[in-house]
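# sequence first, predicted coordinates after that:
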2 protein chains.
Amino acid sequence: MPGSGKSLLSDILKERGYTVISMSGVLRKRYEKEAKIGEKLMDFAKRMREIYGDGVVARLCIEEVSPKLNKIAFDGVRSLSEVEEFKRLGEPIIIAVHSPPSVRYNRIISRMRPDDSKNISELRLRDMDELKFGIGGVIAMADYIIVNDSTIDEFKKRADELLSRILK
Amino acid sequence: MPGSGKSLLSDILKERGYTVISMSGVLRKRYEKEAKIGEKLMDFAKRMREIYGDGVVARLCIEEVSPKLNKIAFDGVRSLSEVEEFKRLGEPIIIAVHSPPSVRYNRIISRMRPDDSKNISELRLRDMDELKFGIGGVIAMADYIIVNDSTIDEFKKRADELLSRILK
C-alpha cells in the first residue's frame, strides 16, 4: 500500500544483489508514451488492465527480465493475477510490507511526491483504488509480512532478519 | 484467513475481559434456521450478503451487543463494509492475524474440523472465496498485524505484547 515502506525493502534487496524491477516504473514508462491528454497514472493503470487484462503490468515487467538473471524482485505487485504471471519465471515468494494506515498517511503527507495526495480523505480514496486492483489479496496470501510500524532502523533489522532466514 | 490462528487471539482477548462475538458463530445460528436444504455455509453467507448487503453479518453481531458492554471484540471480520458497520459502536481497531498460506494449510489439514477442506487445492479455492468477500482489504487496512508463523507460545507472546501496548 502507498507509504508502507516497500521501497526500503527494494533497497535492501538491491544490497543483497537482487535486480529489482519497479512495477510502477515500468507502468510509468508506458504511461509517458501512451496516456491520453490529462489522464492520471491511476486511471491509465485501470485502462491498461481493462484492455490487456489484470496481469498486464507483470507481463510488461517480465519483458524487462534478462534470461541470465537469477535474483529478481518485483516491487509493487497489485494483484494475485500478477503473481500468477510471475509463476512463468519460477515459484515466486511474496513479501508484503504492512504499516497501519495512520502511519502511512503521515509518511505520505510528509514526503509529498508529485503524485501523492495531500489529505487523509484523498489518501483513503487512493487506498480504496489500490484495493480494487486486488492488493489486499496479495497481502492476505503473502508468504511473509514485514510490519513497518516503527523506525527505519527497526524496519531494516526486521527485513534483514527475514531475508537472511528465507533467501540463500 | 482460515487457519491463521485468529481464535487464539480471541482467547487472549477473553482473558483480558473482552466479550468476543464470533461472526461465524452468529452467521451459523442463522444458517441453522434459514439455510436451504443442502446449502453449504459459504453459499449461505454469499446469499445473505446478496440479499441484505455486505455488512449484514456485522449488523447481526451488533444486535448481540448489550449496551452495557464496553470491551467488545468481533472475531472473523470479512470486509471493510463490516468495519463500516462497526463504526456505529465507536472507532474500531482492526487487528489482523497473518500466517503464510503453507502454514495455514498444514494447520487446517491437521485439525480437520467438519467444514474444513481436505486438500490444498480445495483450501486455495476456499481462500479465493474468502478474498471475494473482501478480507484482503481488511488485512491491508488493519491497524495492527500479528504474524503467526511460529509456535503457539510465540504467537501468544506477540499478541500479549501488542495488546499491552495498544489497549488500556
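Here it is on my side, so go on. Numbering: from 1, shown residues only, chains lettered A, B, ... in the order given.
# now the strands for chain A?
Secondary structure of chain A by DSSP state E: the strands cover A:19-22, A:72-75, A:95-98, A:144-147.
# okay, now the unreliable bits of chain A?
Along chain A, segments meeting pLDDT under 70 span A:113-117.
# chain B contacts on that one?
Contact residues, chain A versus chain B (CB under 8 Å from any CB of the partner chain): A:1, A:80, A:98, A:100-102, A:127, A:130-131, A:134-145, A:147, A:149. C-beta coordinates here come from the backbone N, C-alpha and C atoms, glycine included.
# separate out the buried members of those.
A:1, A:80, A:98, A:100-101, A:127, A:130-131, A:134-145, A:147, A:149 (16 or more other CB atoms under 10 Å in any protein chain shown).
# so which of the residues you listed are in helices?
Among these, DSSP state H puts A:L80, A:P101, A:D127, A:E130, A:L131, A:I135, A:G136, A:G137, A:V138, A:I139, A:A140 in helices.
# now the two most distant members of those residues.
Maximum pairwise distance in those, criterion CB to CB, is 21.7 Å, between A:L80 and A:P101.
# ok, and the closest non-adjacent residue to whatever residue of chain A ends up closest to chain B?
As assessed by CB to the nearest CB, chain B sits closest to A:G136 within chain A, at 2.5 Å. Sequence neighbours aside, B:G136 is the residue nearest to A:G136 in space, at 2.5 Å (criterion: CB to CB, 6 or more residues apart in numbering or on different chains).
# OK, contacts around the one you found?
With contacts defined as CB atoms under 8 Å, 6 or more residues apart in numbering or on different chains, B:G136 is in contact with A:L131, A:G134, A:I135, A:G136, A:G137, A:V138, A:I139, A:A140, A:M141.
# what is the burial count for A:E50?
Neighbour count of A:E50, defined by other CB atoms under 10 Å in any protein chain shown: 10.
# ok, now how distant is the residue positioned nearest the centre of chain A from B:H98?
Central residue of chain A (CA atoms, centre = their mean): A:G76, 1.3 Å from the mean position. Separation of A:G76 from B:H98 (CB to CB, to the nearest Å): 20 Å.
# right, I'll call it a day here.
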